[in-house]
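Enquirer: mind looking at a prediction? Sequence and model below.
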Amino acid sequence: MRSGQPYNLAVAGDVANIGNDASFWNYARPNIVGDPNPAHRTVNQWFNPSAFAVPSFSYGDFGRNVLRTASVYNADFSVFKNFPIGETFLVSFRAEFFNAFNIQNYGAPNTLIGSAGAGQITSNVLPPRQIQFGLHLGF
């Protein structure tokens, strides 16, 4: 188990007018104008994007690492059994369960203010349950 990780919000473009020509680098943060926490968090609205405004000729006043992602819970489980065969051979069976309880662990939301999907979560931190079996022959 671990708590959620902090993340930053960003604003696209050169809103502070510093001459940024790199379209992939969003250096500015938004201005806060309301409560960023929705009444009920869902994957469609992890934070309230209407609580933010795009700054004009400034960097924005919203703090760094203020918001957090969802907590992550994971349980892995393994079972091992050795079967001796005579005096020289050993067969080992193993069953491994990753994310054994199949818990949905959400990733970070879209953090680009002004985009259509701002505040929506579209990814998982961990994959769904995975099971694998194995045999090992030792001699």
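Expert: Here it is on my side, so go on.
Enquirer: next up, the contacts around the residue positioned nearest the centre of the chain.
Expert: Centroid-nearest residue in the chain: Gly107, 2.3 Å away (criterion: C-alpha atoms, centre = their mean). Applying C-beta atoms under 8 Å, 6 or more residues apart in numbering, we find Gly107 in contact with 69, 121-125. In this view, the C-beta of every residue, glycine as well, is placed from N, C-alpha and C.
Enquirer: in terms of secondary structure, what does the lowest-mean-pLDDT helix or strand in the chain contact?
Expert: Every helix and strand of the chain was ranked by mean pLDDT, DSSP states H and E. The lowest is strand 10-11, at a mean of 84. Judged by 3 or more C-beta pairs under 8 Å, 6 or more residues apart in numbering; DSSP states H and E, the packing partners of strand 10-11 are strand 112-113.
Enquirer: what's the strand it packs on packed up against?
Expert: Contact analysis of strand 112-113 by 3+ C-beta pairs under 8 Å, 6+ apart lists strand 10-11 as its packing neighbours.
Enquirer: picking up where we left off before, spatially nearest residue to the residue nearest to the centre of the chain (excluding sequence neighbours)?
Expert: Ser123 (3.6 Å; C-beta to C-beta, 6 or more residues apart in numbering).
Enquirer: and for Gly63?
Expert: In space, and not counting its chain neighbours, Gly63 is closest to Arg29: 7.9 Å by C-beta to C-beta, 6+ apart.
Enquirer: what number of residues lie near the one you found?
Expert: For Arg29, the tally of surrounding residues (other C-beta atoms under 10 Å) stands at 23.
Enquirer: surely it and Ala53 touch.
Expert: No - the pair Arg29 / Ala53 is not scored as a contact, 11.1 Å apart, by C-beta atoms under 8 Å.
Enquirer: related to what we said a few turns ago, what's in contact with the least confident helix or strand of the chain?
Expert: If you take C-beta under 8 Å, 6+ apart as the criterion, strand 10-11 is touched by 26-30, 54-55, 60, 111-114.
Enquirer: nearest to Trp46 among these?
Expert: Thr111 (9.7 Å; C-beta to C-beta).
Enquirer: distance of Phe139 relative to Phe89?
Expert: Distance of Phe139 to Phe89, given as C-beta to C-beta, to the nearest Å: 5 Å.
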